[in-house]
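# Sequence and predicted structure, then a few things I'm wondering about:
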Amino acid sequence: MAGEQLIELAKRRGFFFGSNGAYGGTAGFYTFGPRGAALKRNVEDAWRDRFTLKEGNHEIEAPTVMPEPVFEASGHLDGFDDMLVECGECGVSHRADHLIEDATSIADAETLPGSEVELLIRDHDIACPNCGTPLAGQDVEDFNLMFSTNIGPGDAQPGYLRPETAQGIFVEFPRIKAYARGQLPFGVTQIGPAYRNEISPRGGLLRLREFTQAELEQFIDPEDDDPPLDRVADVDVRLYPAAAQEADDGDYLDTTVGEAVADGVIGSAWVGYYLGVAQEWYERIGVDMGRFRFRQHLPGERAHYAADCWDAESEVGGDWIEIAGFADRGTYDLSKHDAHADDSFTVFKRYDEPKTVERATVDPDMSVLGPEFGGDAGAVAEALEALAERDPDAFDAETVTVDLPDDDAATVDTDVANFSIETETETGEHIIPSVIEPSFGIGRIVQTVLAHAYTVDEIDGEERTYLELAPEIAPVDVAVFPLVSNDDRLVDLADRIAGDLRGHGLSVAHDDSGSIGRRYRRQDEIGTPFCVTVDRDGLEGEGPDSVTVRERDAARQVRVPVDALAEELAALLGDGDAASFETLLERYDSVETDVEAA
RNA sequence: GCGCCGUUGGUCCAGUGGUAGGACAUUAGCUUCCCAAGCUAAUAGCCCGGGUUCAAUUCCCGGACGGCGCACCA
């Protein structure tokens, strides 16, 4: 519940802000500042680690501009536009196709041309649902949600910015399958921008015209391929099934992935598997699981090709927002491209046992058919082949007669057809894989982790705002300060340590401006998990030089030798529980600061 | 796209028909051995276009951007 303060912090501290402010701003576009870009990249890296590397999947990077035929095949060109009609009286815009569908028995008015829709509005006396004024005579305008462009000079080759990153994966499937050696199941991922020319962008990062998606297309043979469900069977999930949403007293279903799949609440085991993987991943990057749920699509909102569909939703500012979708898309996408494109979008599925089939074939003697039938010879040969398949017995006679496309019939000696029954061994068949699609909105995840990390507490009686970000995704790993800036020994050592830690691959902030408390607060506000402070005590005491390491959440401190610093920090920042601040406190001296976080 | 409301330093706000003030932040200096301390100074702003007016940041119209509601979200 920190909506406005969070937006203010995001702007002030460089997480994100509306783009092109110098030119008045552009709705629907956001720029990630230095902190936001780092945070977003860390989220993407965490996603890549879990959904690409840990799953053994293949990541690709396809262009954002794709030619028109791609979207003719995908259905986006026809299906992705809205027909709008504006009321001349009250000015409210309506979906023209919806008005038609309500007033007539036409089911898919979306596919009608605009001119016809205008006639239908006139013929059926359709009026504005808002004010009742007849809409006859108003223009129906197409509004396609894809950004269009031209590829090369002129307008000979129209192109569009992809409205989802997935199309790049589907289009390149014929080649990608070769890299997977043609073996199902395999998964292909892509992280990158997608574009939709939204009518009305709203809500900060929530609905943008350019946004980043991380998508996984898991290609499977639904008959043979099962997910490794046991890996996530015990993962607890909070489900909000369609039935519960429709019931008056519907409630969440707290269960495990294994049980939900076994009970059929989750229809697809593959979808269930990825819900479990996603649940653990969201937890890892710091989503508050008390403000998280999986919501099943209602029958009405499901895309027509999706068998079962669940959304991951998080609560931000009191609203539930969709942050990922998990859909069983069946063979929809690959079938479309298989039908439209030249290449084959199938994989070869080997049978367990080769099948032996007897096939009737002909091998017509064209040196006879040619002279006899002239230009029709080819058609005669084709008709013979078709007949052999349909009615092999016809070739038992002396002559055989076939019908030609132009209603003529042709009779030839059976010998000429060279009819035979051949035995063939079939080792498999070409199938179009089914697709399970987990699709993540990166910007929405960034917004979620920021909102869930936003915390206000009290330190030393002063209110403090900080981001309780997971170290893995925090934009800065560690900040290094001299405790005071009027002692060159401290300043120089802080400089040296910062450089050394950067050499170890850490993202390091260096700050010697203002009091130490002020510098801690700056880092707290951007979620830096650890601060290293160089003080005189660490240089003057017995033994090797040491510095203090402060953790963000409770402001506890421990004194660590400079020589061990890089190694200890790397362990603290590594993913998983490789090391915790508690273990540091056990092994080194803690620092009394009289500071109390409450 | 529609309706209502809004837009003043980096951020949050005050204010005015005669071109503006605060708080916080930032920078520099002094001070400072652990949590937004203090002192001094500096940087920095009326969203854009048109109209009314001697004069517009202020009033009017339009636009852009933002918030809320409607519509939309394949």
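Okay, I see it.
# all helices of the stretch 301-450 of chain A, in order?
Here the stretch 301-450 of chain A has its helices, by DSSP state H, counting those that start in this stretch, at A:332-340, A:366-373, A:377-390, A:414-417, A:442-453.
# quick one: low-confidence parts of the stretch 101-250 of chain A?
Along the stretch 101-250 of chain A, the parts satisfying pLDDT under 70 run over A:101-115, A:127-134, A:137-143.
# quick one: average pLDDT of the strand or helix carrying residue A:272?
According to DSSP states H and E, residue A:272 maps onto helix A:269-284. For helix A:269-284, mean pLDDT is 96.
# on contacts alone, who are the packing partners of the next helix or strand after that helix?
Next in sequence after helix A:269-284, counting helices and strands by DSSP H and E, comes strand A:292-296. Under the contact criterion of 3 or more Cβ pairs under 8 Å, 6 or more residues apart in numbering; DSSP states H and E, strand A:292-296 touches strand A:236-240, helix A:242-246, helix A:269-284, strand A:309-316, strand A:319-330. The way it works is simple: take the backbone N, C-alpha and C, and place the C-beta from them, glycine included.
# how about 6 Å then?
For strand A:292-296, the helices and strands in contact under the criterion 3 or more Cβ pairs under 6 Å, 6 or more residues apart in numbering; DSSP states H and E are strand A:236-240, strand A:309-316.
# Each with direction, which strands does it pair with?
Sheet pairing of strand A:292-296 (DSSP bridges) gives strand A:236-240 (parallel), strand A:309-316 (antiparallel).
# now it and helix A:442-453, what's the angle there?
Here the directions of strand A:292-296 and helix A:442-453 differ by 140 degrees (axes from the mean of the first three to the mean of the last three Cα atoms, to 10 degrees).
# In the stretch 151-300 of chain A, which residue sits closest to RNA strand B?
residue A:200 (3.4 Å; Cβ to the nearest atom of the strand).
# Burial check on that residue, number of neighbours?
Residue A:200 has 7 neighbours, counted by other Cβ atoms under 10 Å.
# How about residue A:66?
Neighbours of residue A:66 under the rule other Cβ under 10 Å: 21.
# so how far is RNA strand B from it?
Residue A:66 sits 13 Å away from RNA strand B, going by Cβ to the nearest atom of the strand, to the nearest Å.
# Check the secondary structure at that residue for me.
Following DSSP: H, G, I helix; E, B strand; the rest coil, the label given to residue A:66 is strand.
# quick one, phi/psi of the closest residue to it other than its chain neighbours?
Once flanking residues are discounted, residue A:66 sits nearest to residue A:162: 5.6 Å by Cβ to Cβ, 6 or more residues apart in numbering. Torsion angles at residue A:162 (phi, psi; degrees, to the nearest 10) stand at phi -60, psi 130.
# give the contact list for the residue of the stretch 151-300 of chain A closest to RNA strand B.
Not one residue lies near residue A:200 by Cβ atoms under 6 Å, 6 or more residues apart in numbering.
# Go again with 10 Å.
Contact partners of residue A:200, counting by Cβ atoms under 10 Å, 6 or more residues apart in numbering, are A:27, A:28, A:207.
# For RNA strand B, tell me which of those residues show up nearby.
A:27, A:28, A:207 (Cβ under 7 Å from any atom of the strand).
# Buried subset of those, written for PyMOL?
Entered in PyMOL, the line below selects the buried ones among those, by 16 or more other Cβ atoms under 10 Å:
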select buried, chain A and resi 28+207
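# returning to what we had before: pretty sure the residue nearest to residue A:66 contacts residue A:149?
No - using Cβ atoms under 10 Å as the test, residue A:162 is too far from residue A:149 to be in contact (11.4 Å).
# Between the two, point out the one with more neighbours.
residue A:162 (28 against 12).
# Could you give the bridge partners of the residue nearest to residue A:65 when sequence neighbours are not counted?
Excluding its sequence neighbours, the residue lying closest to residue A:65 (Cβ to Cβ, 6+ apart) is residue A:159, at 4.9 Å. With DSSP bridges applied, residue A:159 shows beta-bridge pairing to residue A:67, residue A:149.
# ok, residue A:159 - contacts?
A:63-68, A:70-71, A:146-152.
# go again using 7 Å as the cut-off
A:65, A:66, A:67, A:68, A:149, A:150, A:151 (Cβ atoms under 7 Å, 6 or more residues apart in numbering).
# circling back to that earlier point, so which of the helices and strands packed on strand A:292-296 is the most surrounded?
Stretch with highest mean neighbour count among the helices and strands packed on strand A:292-296: strand A:309-316 (a mean of 23; mean count of other Cβ atoms under 10 Å).
# and that one, is it in reach of RNA strand B?
No - Strand A:309-316 lies out of reach of RNA strand B by Cβ under 7 Å from any atom of the strand, never closer than 9.7 Å.
# what angle do that strand and strand A:319-330 make?
160 degrees.
# OK, contacts around residue A:40?
For residue A:40, the contact set (Cβ under 7 Å, 6+ apart) comprises A:32, A:442, A:446.
# which of the contacts of residue A:159 count as buried?
Using 16+ other Cβ under 10 Å as the burial test, these include residue A:66 as buried.
# Nearest to residue A:352 among the contacts of residue A:159?
Of all these, residue A:66 has the smallest distance to residue A:352: 39.0 Å, by Cβ to Cβ.
# Would you agree residue A:225 is in contact with residue A:185?
Yes - taking contacts as Cβ atoms under 7 Å, residue A:225 lies within contact range of residue A:185: 4.4 Å.
# Many thanks, we can stop here.
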